[in-house]
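> sequence and predicted model, in that order:
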Amino acid sequence: MFLRYFWVNQNKTYNIESEFEFLWAPIFNKRNHREFHWENMLNIRKGDIIFHYSNGRICDISVAKDSCYECNLPKEMHDFSNEWEKEGRRVDSKYHTLNKPMYIKDGAYTDDILELSRTLNHSPFNRNGKVNQGYLFQLNEELAKYLLKKIAENNDLSFLD
């Protein structure tokens, strides 16, 4: 099976999405335009691995339970109903909270991350190694394997076997 890897930024939606084990993104922004980072939802397939970034750290890794499907704004996210359009896409995903999150903020791992993400069309990192704004980014295998290796130094990742 061909696995894909993704990075999701979830600062304000992290608690809800992790509790109910899903990712959700609108199809259109308020100006009726599509955003590439929301369109990446369409690339997720069952078994793909997702790194969940919130507040300066990778705090969870999840495995997609199935492919993306269209879904209106979930009722659990009603507090965000004024921020986004109602039509969206959802991916149900089995979250695994890390005992020891991987802190990315403040320059940790910057050189390695920049080197490994240089071939990405849309990287979750800018040229200074800071996390870019945007919801969902597809990672290349090299960067994903590096992150998994670093995370495995302090966490049990046997759920990925």
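That came in fine, so what should we check first?

> only C-alpha atoms for contact and neighbour calcs from this point on.
Noted.

> help me confirm that residue 25 is found in a helix?
No. Going by DSSP: H, G, I helix; E, B strand; the rest coil, the assignment for residue 25 is strand, not a helix.

> residues contacting it?
The neighbours of residue 25, taking C-alpha atoms under 8 Å, 6 or more residues apart in numbering as the test, are 38, 41, 88, 89, 90, 135.

> which of those ranks first by neighbour count?
Among the contacts of residue 25, residue 41 has the most neighbours (other C-alpha atoms under 10 Å), with 26 neighbours.

> for it, give me its contacts.
Applying C-alpha under 8 Å, 6+ apart to residue 41 gives the contacts 25, 68, 89, 90, 91, 136.

> for residue 27, same thing?
By C-alpha under 8 Å, 6+ apart, the residues touching residue 27 are 34, 35, 38, 39, 85, 87, 88, 89.

> restricted to strands, list the residues you listed.
87, 88, 89 (DSSP state E).

> including pLDDT, could these go into JSON lines?
Converted to JSON lines, the ones in strands among the contacts of residue 27 look like this (pLDDT from 0 to 100):
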{"residue": "87", "pLDDT": "94"}
{"residue": "88", "pLDDT": "97"}
{"residue": "89", "pLDDT": "98"}
